[in-house]
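Chemist: Fold the following and give me the result.
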Amino acid sequence: MAVRLWVLSQRGSFFLDEASLALNVLGRGYAGLALPLDWGQAAPVGFLWAEKGLSGLLGPSEWVLRLLPFLAGSGTLILVWRVGRKVAGATTAMLVVVALSVSLLAVRYSAEAKPYATDGFVALGLVALALNVLARPDSARRWVWLGVAGALGIALSLPSAFVLAATGAALLRDAWRQRPAIRAIAAGSVTVWLAVFGVLWLLVIRDASGGAYLREYWAPVMLDPRAPDFFARVVRALSSSVATPLQWTGSIAVALTATASCIIGLFAMAQVNWRHAVLLGGPFAIAAIASAAGVYPLSDRLAFFAAPLALIVAALPVGRVADQAQRAFAARIGVRAGAVVPWVMPWVVAGSVAAWVGADGAAIVRMPGSLERTHALFASVRAEAATDATPVYVFARAVPAWVYATTDWGTPDRERFARYLAAAGSTDAPAHENLSRQRPVRPGEGDTLVYRGARTTELIGLAPGVRYRIVGPTSADRPSPEWDGVEARRIRAVANPSVWVVASHYFEGTPLDEFRPLARALERQGLRVVEERRGGRDAIAVRFAVAIPDSTRR
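Modeler: Got it, this is the predicted structure:
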C-alpha cells in the first residue's frame, strides 16, 4: 500500500486516456454519465458516478480522480489474501500478495483514473462473498449480501458479469438444496443481476461493444476463431491475466510457464473442490467465450479483472512445493528448531518472487510521473498566452490533456468546452486524436477548428490521420499527405508575430513522431523556434516567431 501511495502522490498529470475519461466525468452530469461517452471512452456507470461524487467533494484534481482506483488496488491486496488463504492455503496467498504488491501493472492501475483496478477488486469481492455462501449455504444473510453486492458490482465493473455467471454455476446446486426462502433469495438475486445488466446493456454497454470505432480498436485482442493468428491471440489472452501482471516486459517463455502453472493449479484445485476452481477459473473462461463472440476484448487492461484470481491458481503449485520444502526442512533440523524458525522456505520463495516481479515493477516506482507531464506546462502556456494575446495551436492528440489542464472547473467556460467537444469529442470528429484518414488533407480543411476567446485564440489541431489500435500496425505509417503543410499554413496565418504550439502523445523518438514533420513545415513557412519547454516524455510547448530576414535587420 505504501508503494501505491508513493506512486499516487508522484504520478502527476493525466495521460491521454485518463484526460479523455476525466473530461466525461467533469463535463457531464450524473444522468449524462449513464449514456455513451465522448472522446472514444467506455467505462461502467457506477465507476463514473463514484468519480463524479469524489470530484464534487474533494475537487477535480488528478489525485482525487485516481483515489478510487488507489483504494481498490490497496483493497485488492487484502482480499487476495483472504480469498487465496481459503482456497489455496496461506503460503499461496502470501506469494500472490507479494507479487501484486510490486507488480508494475497492479501498481500502475492503482494510480490511474481508469476502472482496471476496481475491476480486480470487485471480482475478488464477489468471489469472497461466494466463498462465504459456500461455507454456510443455509445462511440467508450471506445470500442477501451476495445478491446486493452482485447488483452493485455490475454497475461498478463491466466484467463482473463474468464473475457472477461463474458464481451462479458454482452455487446453483447449493441454492437448489436449501429451504424455499433461500431459493427465493437466490432466484431474486439472479433476476436483479439480469435486470441491472440489461438496463446497462441498453444504455451503455451495447454502444461500447458494438460501436465501429471501439470494435476496430480492440479487434486484435478478440479471440476470433477465424483470425489467421488465432493461436497467438489465445496465448496473448492467457498471458494477459497471469503472466503480464508478473512481468509486463516478459518473454514468451514467461507467458507459457505462467499459463502452464495456472492450468496445473486449476486441475489441482478442482480435485479438492471443483466449485473453487469454477469460481476462480470460470470468469476468465466466460470472458473468453464473450471475446470469441466479439463483445469483450482480452488485453492486459480488460483482462486485469481476472489477474488476482488467475495468480492464486497459478501460485498454487509453487505454494505446495514451498510447503513441502518447509516440512522437509523442519524434519531435517528437528521439530523444536522447526517450530522456532517457521515459514523459512515459503519466505525464501516469496523473496524470490518479490525480486523477480519487482525488477519489472521498479520502473514505475523510480519514475511514476515520467509520462506526459502536461498539466503545469499547458496551464502556464495558456496563462501567458492570455496575458500577451499570443495564439496557441493545440496538437490533436494533446486536446484532452489541454482542455483538462486549462479549464477552471470551478467556473468552467461551457462555450469553450462545447467547442472542443464538437471538434474532437466524437471518434469521427476532424480533431479526434485517433481519427483515421485515407486521403490527403484539403487546403482550408481545418479552418473552422478554432476557439476565439476574450483574451486568446486557440487553433484546434486537425488530426494527423493515423489510427492506433491496442496492438498491431497503425492505419498508416505517417500523417495524411499535406497534413503538415495545411496545418503549418493555419499556424502561420495567426502568428502575431509569434504563436505557441503545444503537443503531447506524439511518439517522440520513434519513426511515427508526428510533431517533427509539423515543426519542419513551420520552418518552411518562415517561422523559427524562440522558446521550448518540456513536460517529460511526449509533452512539449514551443513558441515560434516569424523570422526576420537579414536584409531587414540591417
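Chemist: When you work out contacts or count neighbours from here on, use the C-alpha atoms and nothing else.
Modeler: Will do.
Chemist: Number of residues surrounding residue 286?
Modeler: Using other Cα atoms under 10 Å, residue 286 has 17 neighbouring residues.
Chemist: The residue lying closest to it once chain neighbours are set aside is in what secondary structure piece?
Modeler: In space, and not counting its chain neighbours, residue 286 is closest to residue 162: 5.9 Å by Cα to Cα, 6 or more residues apart in numbering. Using DSSP states H and E, residue 162 sits in helix 160-176.
Chemist: same for that helix, what does it pack against?
Modeler: helix 116-135, helix 140-156, helix 180-200, helix 274-292 (3 or more Cα pairs under 8 Å, 6 or more residues apart in numbering; DSSP states H and E).
Chemist: For it, buried residues please.
Modeler: With burial defined by 16 or more other Cα atoms under 10 Å, the residues of helix 160-176 counted as buried are 160-168, 170-171, 175.
Chemist: For my notes, please list the helices and strands packed on helix 160-176 in a markdown table and give mean pLDDT and distance to residue 32 for each entry.
Modeler: Shown next, in a markdown table, are the helices and strands packed on helix 160-176 (pLDDT from 0 to 100; distance: least, Cα to Cα, whole Å):
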| stretch | mean pLDDT | distance to residue 32 |
| --- | --- | --- |
| helix 116-135 | 96 | 21 |
| helix 140-156 | 95 | 15 |
| helix 180-200 | 91 | 13 |
| helix 274-292 | 95 | 27 |
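Chemist: ranking these by burial, who's on top?
Modeler: Among the helices and strands packed on helix 160-176, ranked by average contacts under mean count of other Cα atoms under 10 Å, first place goes to helix 116-135 (a mean of 24).
Chemist: Quick one: neighbours of residue 138, just the number.
Modeler: Residue 138 has 17 neighbours, counted by other Cα under 10 Å.
Chemist: Show the contacting residues for it.
Modeler: Contact analysis of residue 138 by Cα atoms under 8 Å, 6 or more residues apart in numbering lists 178-179, 182.
Chemist: mind checking how far the helix holding residue 162 is from the chain centre?
Modeler: Remark: helix 160-176 is offset 27 Å from the chain centroid, using Cα atoms, centre = their mean, to the nearest Å.
Chemist: Show me the helices in the stretch 401-550 of the chain, by range?
Modeler: For the stretch 401-550 of the chain, the helices defined by DSSP state H, counting those that start in this stretch cover 414-424, 483-494, 515-524, 550-553.
Chemist: tell me the angle of the second one relative to helix 515-524?
Modeler: Helix 483-494 and helix 515-524 are oriented at 50 degrees to each other (axes from the mean of the first three to the mean of the last three Cα atoms, to 10 degrees).
Chemist: any weak-confidence spans in the stretch 451-554 of the chain?
Modeler: Filtered on pLDDT under 70, the stretch 451-554 of the chain yields the residue ranges 548-554.
Chemist: re the thing from before, will you turn the helices of the stretch 401-550 of the chain into a markdown table that also has distance to residue 94?
Modeler: Below are the helices of the stretch 401-550 of the chain laid out as a markdown table (distance: least, Cα to Cα, whole Å):
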| stretch | distance to residue 94 |
| --- | --- |
| helix 414-424 | 47 |
| helix 483-494 | 55 |
| helix 515-524 | 47 |
| helix 550-553 | 72 |
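Chemist: can the ones you listed go into TSV with extra columns for distance to residue 97 and mean neighbour count?
Modeler: Conversion of the helices of the stretch 401-550 of the chain to TSV gives the following (distance: least, Cα to Cα, whole Å; neighbours: other Cα atoms under 10 Å):
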stretch	distance to residue 97	mean neighbour count
helix 414-424	42	18
helix 483-494	50	20
helix 515-524	42	18
helix 550-553	67	6
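Chemist: ok, and for the longest helix along the chain, which residues are buried?
Modeler: Determined from DSSP state H, the single longest helix within the chain is helix 307-333. With burial defined by 16+ other Cα under 10 Å, the residues of helix 307-333 counted as buried are 307-323, 325-327, 329-330.
Chemist: Return the list of helices and strands in contact with it.
Modeler: helix 67-88, helix 90-102, helix 116-135, helix 230-242, helix 252-272, helix 274-292, helix 335-340, helix 344-366.
Chemist: The nearest residue to residue 310 once chain neighbours are set aside: neighbour count?
Modeler: Leaving aside its sequence neighbours, residue 310 sits nearest to residue 242 (Cα to Cα, 6+ apart; 5.6 Å). Burial of residue 242 is recorded as 31 neighbouring residues (other Cα under 10 Å).
Chemist: Show the model's pLDDT score for residue 242.
Modeler: Looking at residue 242, its pLDDT reads 91.
Chemist: need the contact list for it.
Modeler: Residue 242 is in contact with 255, 258-259, 262, 307, 310-311, 314, counting by Cα under 8 Å, 6+ apart.
Chemist: For the contacts of residue 138, give me TSV that also has distance to residue 42.
Modeler: Shown next, in TSV, are these (distance: Cα to Cα, whole Å):
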residue	distance to residue 42
178	40
179	41
182	36
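Chemist: picking that back up, quick one: the residue nearest to residue 310 from residue 254, how far?
Modeler: 10 Å (Cα to Cα, to the nearest Å).
Chemist: How about the contacts made by the closest residue to residue 155 other than its chain neighbours?
Modeler: Closest residue to residue 155 apart from its sequence neighbours, by Cα to Cα, 6+ apart: residue 46 at 4.6 Å. Residues near residue 46 by Cα under 8 Å, 6+ apart: 152, 155-157.
Chemist: got the buried residues for the strand or helix carrying residue 46?
Modeler: Per DSSP H and E, residue 46 falls inside helix 45-58. Within helix 45-58, the residues that count as buried by 16+ other Cα under 10 Å are 45-52, 54-55.
Chemist: Domain map for the chain?
Modeler: What automatic domain parsing lists as the domains of the chain is 2-358, 375-553.
Chemist: Columns distance to residue 369 on top of those, output as JSON lines?
Modeler: Shown next, in JSON lines, are the domains of the chain (distance: least, Cα to Cα, whole Å):
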{"stretch": "domain 2-358", "distance to residue 369": "4"}
{"stretch": "domain 375-553", "distance to residue 369": "8"}
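Chemist: The residue nearest to residue 286 against residue 289, yeah?
Modeler: No. Assessed by Cα atoms under 8 Å, residue 162 is found out of contact with residue 289, at 10.0 Å.
Chemist: and after the strand or helix carrying residue 379, which helix or strand comes next?
Modeler: Residue 379 belongs to helix 375-388 when assigned by DSSP H and E. Sequence order places strand 392-394 as the next helix or strand after helix 375-388, per DSSP H and E.
Chemist: what lines up beside that next one in the sheet?
Modeler: strand 457-460 (parallel), strand 498-504 (parallel) (DSSP bridges).
Chemist: Could you look over those and pick the most buried one?
Modeler: When the strands paired with strand 392-394 are scored by mean count of other Cα under 10 Å, the highest mean neighbour count falls to strand 498-504 (a mean of 26).
Chemist: rewinding a little: and the residue nearest to residue 286, what's its pLDDT?
Modeler: pLDDT at residue 162 comes out at 96.
Chemist: ok, now residue 336?
Modeler: You'll see residue 336 listed with a pLDDT of 53.
Chemist: same thing with the one 3 residues further on?
Modeler: The predicted local confidence for residue 339 comes out at a pLDDT of 53.
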